[in-house]
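[1] let's see this in three dimensions:
(chains A and B)
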There are 2 protein chains.
Amino acid sequence: MSDDDAVAAAVAAVADRVHPTDAERRRLDAAVDDLLERTRAAVSDLPVEADVLQVGSTARGTWIRGDRDIDVFVRFPPDLDRERLERYGLQVGRAVLQDGEEEYAEHPYVTGEYAGFDVDLVPCYRVDSASDIRSAVDRTPFHTTYVADRLDADGAAEVRLLKQFLVGIGAYGSDLRTRGFSGYLTELLVLAYGSFRDVLAAAADWRPPVELDPADHAAETFDDPLVVVDPTDPGRNVAAVVSEANVARLTHYARTFLADPSPEAFVPDPPDPLDPAEVREHLSRRGTAPLAIRFDAPDLVDDQLYPQLRRSLDGLRRGLEGAGFEVLRATTVAADAAVLFVECATGELPAVERHVGPPVATRSHATGFYETYADAAVYGPFLDGDRYVVERERSVRTVEEFARERLLEVALGAHVEDALREGYGVLVGDEVATLADAFGVELARYFDPTP
Amino acid sequence: MSDDDAVAAAVAAVADRVHPTDAERRRLDAAVDDLLERTRAAVSDLPVEADVLQVGSTARGTWIRGDRDIDVFVRFPPDLDRERLERYGLQVGRAVLQDGEEEYAEHPYVTGEYAGFDVDLVPCYRVDSASDIRSAVDRTPFHTTYVADRLDADGAAEVRLLKQFLVGIGAYGSDLRTRGFSGYLTELLVLAYGSFRDVLAAAADWRPPVELDPADHAAETFDDPLVVVDPTDPGRNVAAVVSEANVARLTHYARTFLADPSPEAFVPDPPDPLDPAEVREHLSRRGTAPLAIRFDAPDLVDDQLYPQLRRSLDGLRRGLEGAGFEVLRATTVAADAAVLFVECATGELPAVERHVGPPVATRSHATGFYETYADAAVYGPFLDGDRYVVERERSVRTVEEFARERLLEVALGAHVEDALREGYGVLVGDEVATLADAFGVELARYFDPTP
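    Numbers count the residues shown, from 1 in each chain, chains lettered A, B, ... in the order given. The predicted structure is shown next:
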């Protein structure tokens, strides 16, 4: 079997999972027709003009089988003030989706079910170009038009394969928890390289920074590992949110898939959750000093929560390192509780720490240092080469002490800091095994990490 | 009391310790006269011409009270072959010092007692200049002449003060154990700066590299913290052996003495030896993981032994650091036994160690790394940013294991390596306290270090 044939076989094997059936398409088309009609009717009751359009992957034919999201946008004139846009938007939304609920992103929209589909009904401004947008959603219609004009049915099928592949490797989604590839980015990659297989072949050889500029109109330089200049907006990198690791992840799995094409690559394979005994086994096998800070997760959407958790984890990590602990690995997980988890090489440090002073030759500094420590240091000052050195008492000797006494001094996300001020638990050593009750899968990922 | 007066008072208080009495001088002069006469008589029996001269600190009037060393040199013509120089030298030496013993430096000489003085009777070559020497001792007569021509009785007294001060702070002696200031260097410093007090005032402000060139004839540049170009040899730094720490030490004690002149500065103050219980107390207070390697000291003179011990200690230290241990402090001591002593922050490391691979983008490296570790690593490969990372089994987890299994792999001095191959003891934790039986004073210096 040639490489191409092997890829084709793997792709064929996942066709049922990836491509919507004709019946599904017909149901979708019918639902969309109804929704657009009902929305236009609701709009005609408003005292302003507005057009109605379908956007998103279902509008572009690039949705994966089973996805049930229909996005309907109502575009208002750009001179409409924001307060009225929001009011009219909600009015139309409630008229169309009678059981719908209001959601708040940059501005409010209505979300609800219609004929078995999940519908978002979103107001936006009809601006002249994607460079003139007044809020992020104004950009979406440009993306839909750009892709719909260029992507035929075959191309859409290639996009679906790529999306499903990214789902399989855990790199699909531009939310700030995943920091992966958005649907639009996936579409642009297929348009740029030609097919699913071509995208993988290119990604297998990516050497970041990778730069694509489909419209050849980049208006600035971007400092990201993957840059795909938005063809509808020269000032925007569509891949800005994609993390270094997710770029590397696609490269890694592109190589392994092309070397050995398997339908399994398209299927997420979450590990079995660990139980507390298995966590203890890992800890004993690793011989490390784990520390977990457990607290009530701040009430934030994931797009706000995860950046804060990561910033806080980074602060904790740097705090521990600054206090002399060596951090082997760290992660953060959240559900109802949030956890900052850090694994140190050792949990206890000596009672004294080395503190290197100035060269003796720098007279005023050196004399100041010597006089400061002549009576205060536990050991020294003595000479090491041309410098004074002292050994002073270490204020924090264990990771547990650090967690109890210094945690609020490290750089934390603001809401995480607030939550920690309300109280937090400190788990060290085998105590962290209890986290398996709530985070067994996450701990399995941590203790059996893959690319 | 002015600063000068305070210095004068401190100096006066140590006069008895520093300056030879008139009676001592008379005894010395008489002994030297006799020795020179006897030596000339012995030389006259030789089949070659040779002149006889007194060198060293007793020749220059710069010896410290109680020093009993007389150096007599016999200078042979430079065309005499080495074998005969050695034979004639020993013949004269044995004739003059009937109970003397032969010693071997660059070439053999005779050492013995005469009228209560310790006498070295050394053969050398009468070369035209110190740049033409055939062995290191040929330089000495030039030094004696240079200093004797320039240093009057008052200057000699200043030199004695500086020598005694350097003895007091532990920085006197150009042997390779001390790596301090030689007598000749001390004399040149007084000649350069004017007086004991002037040397201290200058040293208090030294900013290495400090360069003095009394004859203004430096023939090369020297990469040492203190450079005093030999006025009798433009290619030699008289201070080449002085360690960075000893330069800083003189600077430090010059400042403290000038700020608060005290006769105690001139008196070495060795600490009381620690007993094993006191060592254990220190270890408990420090909370560190000590390691001592004890072995039979190689049979070498100190000038060979200590550089080898230091090199070996450095190799051990770097070996431990390379294996992941953090070294807080280290020292080496020797008597019949030699010891490499290293104090680590922690004596046990995790079972796994982080090993960072190449960026995934570097395809052939990355693939090679991934394939190597896909089955071999304990954890991973996984992604950290754009790189593969694995956690592999650490081959050495404790300092004791390192000492038992890896010691002979580190960079060691050749004779130390030979001695270790014969066998060595490993002491960890409180076991090192037994070293106090042989090295109580050295351990006291280590555990109560001063500049």
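[2] list the contacts of residue A:434.
    Residues counted as contacts of residue A:434 (Cβ atoms under 8 Å, 6 or more residues apart in numbering or on different chains) are A:276, A:427. The C-beta positions use only the backbone N, C-alpha and C, and glycine is treated the same way.
[3] three-state assignment of it?
    Three-state assignment for residue A:434 (DSSP: H, G, I helix; E, B strand; the rest coil): helix.
[4] against chain B, how distant is it?
    21 Å (Cβ to the nearest Cβ, to the nearest Å).
[5] ok, residue A:448 next?
    Counting by Cβ to the nearest Cβ - residue A:448 and chain B are separated by 7 Å.
[6] skipping adjacent residues, who's closest to that residue in space?
    Nearest residue to residue A:448 in three dimensions, chain neighbours excluded: residue A:271, at 6.1 Å (Cβ to Cβ, 6 or more residues apart in numbering or on different chains).
[7] burial measure for that neighbour, as a count.
    16 (other Cβ atoms under 10 Å in any protein chain shown).
[8] look up phi and psi at it.
    Backbone torsions of residue A:271, given as degrees, to the nearest 10, read phi -70, psi 160.
[9] and the strands in the stretch 301-450 of chain A?
    A:327-334, A:337-344, A:352-359, A:379-384, A:387-393, A:425-428 (DSSP state E, counting those that start in this stretch).
[10] tell me which of those is the most buried.
    strand A:337-344 (a mean of 24; mean count of other Cβ atoms under 10 Å in any protein chain shown).
[11] output that strand as CSV, nothing but the C-alphas.
    Taking C-alpha atoms only, strand A:337-344 is exported to CSV below (Å, rounded to 0.1, in the frame of the first residue of the first chain):
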residue,chain,number,x,y,z
ALA,A,337,-12.3,23.0,43.1
ALA,A,338,-9.2,24.4,41.5
VAL,A,339,-5.7,23.0,42.2
LEU,A,340,-2.2,24.3,41.7
PHE,A,341,0.0,21.2,41.6
VAL,A,342,3.8,21.4,41.8
GLU,A,343,6.2,18.5,42.0
CYS,A,344,9.5,19.5,43.7
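[12] in the stretch 101-250 of chain A, which spans are helices?
    Taking DSSP state H, counting those that start in this stretch as the test, the helices found in the stretch 101-250 of chain A are A:140-150, A:153-169, A:183-193, A:196-203, A:244-259.
[13] ok, the residue lying closest to residue A:168 once chain neighbours are set aside - how many residues close by?
    Of all residues beyond its chain neighbours, the one nearest residue A:168 is residue A:266 (4.3 Å), with distances taken as Cβ to Cβ, 6+ apart. Residues near residue A:266, counting by other Cβ under 10 Å, number 21.
[14] got a list of what residue A:293 touches?
    So residue A:293 contacts A:316, A:339, A:340, A:341, A:403, A:407, A:420, A:424, A:425, A:426, A:427 (Cβ under 8 Å, 6+ apart).
[15] what residues of stretch A:190-202 count as buried?
    A:190, A:191, A:193, A:195, A:196, A:197, A:199, A:200, A:201, A:202 (16 or more other Cβ atoms under 10 Å in any protein chain shown).
[16] whoops, I mixed them up, stretch A:62-80
    A:62-64, A:67-68, A:70-76, A:80.
[17] got the contact list for the residue of the stretch 1-150 of chain A at minimum distance from chain B?
    Residue of the stretch 1-150 of chain A nearest chain B, by Cβ to the nearest Cβ: residue A:3 (16.3 Å). By Cβ under 8 Å, 6+ apart, residue A:3 lies in contact with A:258, A:261.
[18] just the pLDDT for it.
    Looking at residue A:3, its pLDDT is 78.
[19] remind me, longest helix of chain A?
    helix A:22-44 (DSSP state H).
[20] next helix or strand past that one?
    As assigned by DSSP states H and E, the chain's next helix or strand after helix A:22-44 is strand A:51-55.
[21] who's in contact with the residue lying closest to residue A:173 once chain neighbours are set aside?
    Leaving aside its sequence neighbours, residue A:173 sits nearest to residue A:180 (Cβ to Cβ, 6+ apart; 4.8 Å). Counting by Cβ under 8 Å, 6+ apart, residue A:180 touches A:166, A:170, A:171, A:172, A:173, A:174, A:241, A:242, A:243, A:246.
[22] distance of the residue nearest to residue A:168 relative to residue B:106?
    As judged by Cβ to Cβ, to the nearest Å, residue A:266 and residue B:106 stand 81 Å apart.
[23] if we can go back for a sec, can you give me phi and psi for the residue nearest to residue A:173?
    Dihedral angles of residue A:180 (phi, psi; degrees, to the nearest 10) stand at phi -110, psi -150.
[24] give me the pLDDT for it.
    Residue A:180 is given a pLDDT of 98.
[25] which bits of the stretch 251-400 of chain A sit near chain B?
    A:251-252, A:255, A:285-289, A:324, A:328-329, A:345-346, A:348-352, A:354, A:359-363, A:367, A:370, A:378-388, A:391, A:397 (Cβ under 8 Å from any Cβ of the partner chain).
[26] pairing partners for the helix or strand of chain A with the lowest mean pLDDT, with directions?
    Least confident helix or strand of chain A, by mean pLDDT, DSSP states H and E, is strand A:101-104 with a mean of 89. Strand A:101-104 has the following sheet partners, assigned by DSSP bridges: strand A:108-114 (antiparallel).
[27] list of residues touching the strand it pairs with?
    By Cβ under 8 Å, 6+ apart, the residues outside strand A:108-114 that reach it are A:31, A:34-35, A:70, A:86, A:89-90, A:92-94, A:96-103, A:118-123.
[28] tilt between that strand and helix A:22-44?
    Strand A:108-114 runs at 140 degrees relative to helix A:22-44, counting by axes from the mean of the first three to the mean of the last three Cα atoms, to 10 degrees.
[29] can you give me the buried ones in strand A:108-114?
    Buried residues in strand A:108-114 (16+ other Cβ under 10 Å): A:108, A:109, A:110, A:111, A:112, A:114.
[30] circling back to that earlier point, closest one of the contacts of residue A:293 to chain B?
    Within the contacts of residue A:293, the smallest distance to chain B is 15.0 Å, found for residue A:341 (Cβ to the nearest Cβ).
[31] per-residue pLDDT, the closest one?
    On the pLDDT scale, residue A:341 gets 98.
[32] isn't it right up against residue A:431?
    No - with contact defined as Cβ atoms under 8 Å, residue A:341 does not reach residue A:431; the gap is 11.9 Å.
[33] okay, and the common contacts of the two?
    Common neighbours of residue A:341 and residue A:431 (Cβ under 8 Å, 6+ apart) are residue A:292.
[34] hang on, the earlier thing: and the angle from the longest helix of chain A to strand A:51-55?
    Going by the same axes, to 10 degrees, helix A:22-44 makes 150 degrees with strand A:51-55.
[35] residues in contact with helix A:22-44?
    A:20, A:50-54, A:58, A:65, A:70, A:72, A:74, A:91-92, A:95-96, A:114-117, A:119, A:121.
[36] which of those count as buried?
    Taking 16+ other Cβ under 10 Å as the criterion, what is buried in those is A:20, A:50, A:52-54, A:58, A:70, A:72, A:74, A:91-92, A:95-96, A:114, A:117, A:119, A:121.
[37] count the neighbours of residue A:423 for me.
    8.
[38] wait, it sits on residue A:404?
    No - with contacts counted by Cβ under 8 Å, residue A:423 stays clear of residue A:404, the gap being 11.8 Å.
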